[in-house]
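Enquirer: sequence and predicted structure are below.
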Amino acid sequence: MDSFGLLMQGLQAALDPMILLYALIGVTLGTAVGVLPGIGPALTVALLLPVTYGLDPAGSLIMFAGIYYGGMYGGSTTSILLNTPGESASIVTAIEGNRMARSGRAGPALATAAIGSFVAGLIATLLLAFLAPQVVKLALTLGPREYFALMVLAFVTVSATFGDSALRGLTSLFIGLALACVGIDSLTGAERLAFDVPQLKDGIETTTLAVALFALGEAFAVAGMLRPEEGMHKITGRVRMTTQDWARSWKSWLRGTFIGFPIGSMPAGGADVASFLSYAAEKKLTKHPEEFGNGAIEGVAGPEAANNAAAAGTLVPLLTLGLPTTATAAIMLAGFQQFGLQPGPLLFVTNAELVWALIASLLIANVMLVVLNLPLIGLWIRLLTIPRPWLYAGILLFATLGTIGVNPSPVELGMLILFGLMGYGMRLYGYPVAPVVVGLILGPMAEQQLRRALAIAQGDWTTLVSTPVSATLLAISALFLVLPILMRLRGRGGVLSQVAGDAD
Amino acid sequence: MSQQPVERRPNGAAFVIAAGLAVMAGLLLWDASGLKQDGGYAGVGPADVPRLVAYGLLVLAALTVVSGLRGDLPRAPRQAPAPILWILGGLGLQLTLLHVVGFVMSGALLFGMTARGLGRKPLWLTVTVGFGVSLIIYGVFDRLLRLNLPGGPLEMLIFGG
C-alpha cells in the first residue's frame, strides 16, 4: 500500500476517542512545559516515562509525540513575553519576538508564531509520512558498519559541531559514553562497572540520568542564581494579525519549514540549529532590514516554523533508523524500548499500525495545538505567574516521584542526587547536558554495531571504511569535528556559539 | 546558560574537572583489566570499548588542563550557597526517611525545603503545602495509576494498607 493509504488508515486509528484523549493530554502538557521556563520537552517525557508503565503503548507514544510538538509551540510564548526562552529552540524567537512585545505588538507576534508552527507542523508531518517509507527502504540496505558510521556522525553533531566549545561538548559526550558502559554487556554478558550493586547491573536508567541532569541540575542552578527575575510584558493592543502581517509572514513560514525539516531529519543537530539558520536567512532576505533587532515579524515567523519542522524532522531518523539526534528523541527512544518496541526499519513492518497511527496523530495534535494556543493564550500566560519557589518545589517532587515509582531504593535516589549535582556543575561551567543523555542511550547501540561489524569482518578494522556509504559518513563526521575547531581558531566561533544546541 | 566573559588567567576549576575525568578514566581502565577478554570473531571484547572511552577521557582531561592554564574555560558566576543546601537537605532527608515515614511525609519535607530554599518562608507553611501536594500525588499515582510508591504509617492510616 502507498503512504497515502497507510496514512488514511492511521488517521482512522488516531480518531479513536481514547487515542484522541492521549494526544490531547500530550499537547496540553507539552504546551504547559514549553511555556514554563526551565523545563523542556525532554524533561517532561522523562518524567512521564515511569508513570506510563501500565498504560497502552500506542497511546503513551502518541502522548510523548504530542509533548514534543506542544513544547515547540509553548516555548515561543515564553520567549516573546518574558525574553527567557521556554526551551532552547526558542532562543532565536526571543530576539525579535521580545522586541515586538516591548513595542506593544505581543499579540501579532504570538499569532504568527502559533500559525507558523501550525503550517510548519502540517507540512513537515506530511513530509515525514511520505519520506519515512523511502528511508526505511534505504535503511534495509544498511549493515552494522553503516549504522556505526551514522551513530558516530550523530555523536559528533550533537557534541562538537555547534555550541561554543568542541572540548566541552565532547567531554559531555564522553561522560555519557562512560556511564553507558555500566551494566551487563549485551553481547557477552560480562558485568562492567557494576561493583556488585544490583541496581548498577541493569545499567544506568536513562530516565534517572535525564531527570537528574535536566530537573535537579536546573533547580540547583536557579536556586544558586543571585540575579532577580525578569518582568513579564503584558499583551497590549490587538491580538489579530493585520493584512500586512500575513503578507510578511507566510513566505517566512514556508522558508522556515523547508530549512527546518531537512536539518531535523538529518543527524545534524536539532531544532535550535534550524531556528538559527532560519533567522539568518530571514535577515538576509527581508525587505525591512531596518526592523531587524527592533521587532521584525519575519524574525519570529521563520524560526518558529523552522523549529517545529525540525521537531517533525527528527522523527524521521528516530522512527526509521532508531537513531535519536536530540535529547528529547533519545528519551522517546527509551519510551519505545520500555514497551518492547525497537524503532528502526523493522518497526514499519512489525508495528505498521502503531507507526501510522502515531504519524496521523501528529497531524491531529497539530490542529489541537492551534486551538489551544490561539484562543486560550491567556490561560497559558497565567502559568508564568506561578512563583518560582512553588514551581521548583513541584518539579523536584515530580522528579523524585518518577525515580521512586520505578525503583524505590536509596541507591537509585542517591544516583539521582549525584547526577543532579553533576548537572549543576556542568551548567556552571558551560558544559552542555544533552550530549550526556545522547551518549548514554546511543553508546551501547554504537558499541553493538561496531562489534558486529568487526565480527563479520573477522576483526579487520578497515571494514569500517570499506563501503562508500560508511566511508562517506565517517568522512563527514571528521569534517564536522575538525571544521568548527578551525573556525573557532580563526575567530569565527561567534556564529557557532549562537547556534549552541543545549537542552532539547 | 549565559555567556561568561573569558578571563585570561589560570582557572582552578579546570584542574578539578580534569581530575574528575581522569578518575573516571582510571575506573574504566581498572574495571576493564578485570574482565575476561572474550573477543570472539570480532577480536573486540567487552573490555575494549570501555578502554577506548577511557583513552578519550584522558585526552579530554589533558586538553581541559591546557585550556585551564590558558584561561579558556568560562568562570562560574557567583553562587548563593544557602538555597542549594536547603534543596540538598530536602533530597537527603527524602532519601533517608522514604522507607521510614513513607512517600507523603518525605515528599512534604522535600517540597517544603525546596520552596524555603528558593525564598518562600516560613518553613512550616511550605512543608504544610508540600504535605497537601504529596498527599494528592500519592492518591493519584499510587491508587489510581498503580505506581508502587512506598507507604509509611500515615499512608496506611489514610488509604488503608
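Expert: It's in. Numbers count the residues shown, from 1 in each chain, chains lettered A, B, ... in the order given.

Enquirer: tell me the pLDDT at the residue of chain A found nearest chain B?
Expert: When distances are taken as CB to the nearest CB, chain A reaches nearest to chain B at A:G459, 3.1 Å away. Just so you know, the C-beta spots here come from the backbone N, C-alpha and C atoms, and that holds for glycine as well. A:G459 is assigned a pLDDT of 80 by the prediction.

Enquirer: can you pull out the strands in chain A?
Expert: In chain A, strands defined by DSSP state E lie at A:183-184, A:191-192, listed in chain order.

Enquirer: does any part of the last one sit near chain B?
Expert: The reference is to strand A:191-192. Yes - using CB under 8 Å from any CB of the partner chain, strand A:191-192 reaches chain B at A:R192.

Enquirer: now do the first one
Expert: No - counting by CB under 8 Å from any CB, chain B has no neighbours in strand A:183-184; the shortest distance is 9.2 Å.

Enquirer: other residues contacting that strand?
Expert: Contact with strand A:183-184 is made by A:A190, A:E191, A:R192, A:L193, A:A194, A:L200, A:K201, A:D202, A:G203, A:I204, as judged by CB atoms under 8 Å, 6 or more residues apart in numbering or on different chains.

Enquirer: turn the residues you listed into a markdown table, columns for pLDDT and distance to A:T31.
Expert: Output for those, formatted as a markdown table (pLDDT from 0 to 100; distance: CB to CB, whole Å):
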| residue | pLDDT | distance to A:T31 |
| --- | --- | --- |
| A:A190 | 82 | 45 |
| A:E191 | 83 | 44 |
| A:R192 | 85 | 41 |
| A:L193 | 82 | 40 |
| A:A194 | 79 | 41 |
| A:L200 | 82 | 37 |
| A:K201 | 83 | 39 |
| A:D202 | 82 | 34 |
| A:G203 | 84 | 33 |
| A:I204 | 88 | 31 |
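
Enquirer: just the closest residue of chain B to chain A, please.
Expert: B:G43 (3.1 Å).

Enquirer: now do the contacts for that residue.
Expert: A:L454, A:Q458, A:G459.

Enquirer: how close does it sit to A:Q458?
Expert: 8 Å (CB to CB, to the nearest Å).

Enquirer: and if you look at A:A13?
Expert: 46 Å.

Enquirer: looking at the two, which is more packed in?
Expert: Between A:A13 and A:Q458, counted using other CB atoms under 10 Å in any protein chain shown, A:A13 has the larger neighbour count: 17 against 10.

Enquirer: helices along chain B, start to end?
Expert: Applying DSSP state H to chain B gives helices spanning B:12-33, B:48-69, B:81-117, B:123-138, B:153-159.

Enquirer: please identify the most buried of the ones you listed.
Expert: Of all the helices of chain B, helix B:81-117 has the most neighbours on average by mean count of other CB atoms under 10 Å in any protein chain shown, namely a mean of 22.

Enquirer: hey, which helix or strand in the chain has the poorest pLDDT?
Expert: Unless you meant another one, I'm taking chain A. helix A:493-498 (a mean of 55; mean pLDDT, DSSP states H and E).

Enquirer: my question was about chain B, not that one.
Expert: For chain B, counting by mean pLDDT, DSSP H and E, that's helix B:153-159 with a mean of 80.

Enquirer: tell me the helices and strands packed up against it.
Expert: If you count contacts as 3 or more CB pairs under 8 Å, 6 or more residues apart in numbering or on different chains; DSSP states H and E, helix B:153-159 packs onto helix B:81-117, helix B:123-138.

Enquirer: leaving out the residues flanking it, which one is nearest to residue 68?
Expert: In the absence of a named chain, chain A is used. Among residues not flanking A:Y68 along the chain, A:P41 sits closest, at 5.0 Å (CB to CB, 6 or more residues apart in numbering or on different chains).

Enquirer: oops, wrong one, chain B.
Expert: B:G68's closest residue in space is B:A14 (CB to CB, 6+ apart), at 2.4 Å.

Enquirer: pretty sure the one you found contacts B:L63?
Expert: No - in this structure B:A14 lies outside contact range of B:L63 using CB atoms under 8 Å: 9.9 Å.

Enquirer: A:R388 against B:L118, yeah?
Expert: Yes - in this structure, A:R388 is within contact of B:L118 by CB under 8 Å, at 5.5 Å.

Enquirer: list the contacts for the residue lying closest to B:S33 once chain neighbours are set aside?
Expert: In this structure, B:S33 finds its nearest non-sequential neighbour in B:A47, 7.5 Å apart by CB to CB, 6+ apart. Counting by CB under 8 Å, 6+ apart, B:A47 makes contact with A:A190, A:R192, B:A32, B:S33, B:L35, B:Q37.

Enquirer: need phi/psi at B:A47.
Expert: In terms of degrees, to the nearest 10, the main-chain angles of B:A47 are phi -90, psi -10.

Enquirer: per-residue pLDDT, it?
Expert: 84.

Enquirer: from B:G56, how far off is it?
Expert: Distance from B:A47 to B:G56, by CB to CB: 15 Å.

Enquirer: and if you look at B:Q79?
Expert: The spacing between B:Q79 and B:G56, counted by CB to CB, is 30 Å.

Enquirer: how close does B:G139 sit to B:E155?
Expert: 10 Å.

Enquirer: for A:F214, that is, sorry about that
Expert: Shown here: A:F214 relative to B:E155, a distance of 29 Å by CB to CB.

Enquirer: swap in A:N307?
Expert: Distance of A:N307 to B:E155, given as CB to CB: 43 Å.

Enquirer: picking that back up, how about the helices and strands packed on helix B:153-159 in TSV, adding distance to chain A?
Expert: Formatted as TSV, the helices and strands packed on helix B:153-159 follow (distance: least, CB to the nearest CB, whole Å):
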stretch	distance to chain A
helix B:81-117	4
helix B:123-138	6
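
Enquirer: what would those helices look like in a markdown table with mean pLDDT and distance to A:L318?
Expert: What follows is the helices and strands packed on helix B:153-159, written out as a markdown table (pLDDT from 0 to 100; distance: least, CB to CB, whole Å):
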| stretch | mean pLDDT | distance to A:L318 |
| --- | --- | --- |
| helix B:81-117 | 91 | 33 |
| helix B:123-138 | 90 | 31 |
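
Enquirer: possible to save those helices as CSV with distance to A:A101?
Expert: Shown next, in CSV, are these (distance: least, CB to CB, whole Å):
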stretch, distance to A:A101
helix B:81-117, 30
helix B:123-138, 32
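
Enquirer: out of the contacts of strand A:183-184, which are buried?
Expert: For the contacts of strand A:183-184, a burial check counting by 16 or more other CB atoms under 10 Å in any protein chain shown picks out A:A190, A:E191, A:R192, A:L193, A:A194, A:L200, A:G203, A:I204.

Enquirer: right, and A:G217 touches A:L416 too?
Expert: No - A:G217 lies out of contact with A:L416 (CB under 8 Å); the separation is 11.0 Å.

Enquirer: contacting residues around B:G56?
Expert: A:L170, A:F174, A:L177.

Enquirer: pLDDT at the last one, what is it?
Expert: It refers to A:L177. You'll see A:L177 listed with a pLDDT of 94.

Enquirer: how close does it sit to A:M422?
Expert: Counting by CB to CB, the gap from A:L177 to A:M422 is 15 Å.

Enquirer: between these two, who's got more neighbours?
Expert: The neighbour count for A:L177 versus A:M422, taken as other CB under 10 Å, is higher for A:L177 (28 against 21).

Enquirer: wait, what's in contact with the residue lying closest to A:I395 once chain neighbours are set aside?
Expert: Nearest in space to A:I395, with sequence neighbours left out and distances taken as CB to CB, 6+ apart, is A:A215 at 5.5 Å. For A:A215, the contacting residues are A:I39, A:L43, A:L47, A:I395, A:L396, A:F398, A:A399, A:G420, by CB under 8 Å, 6+ apart.
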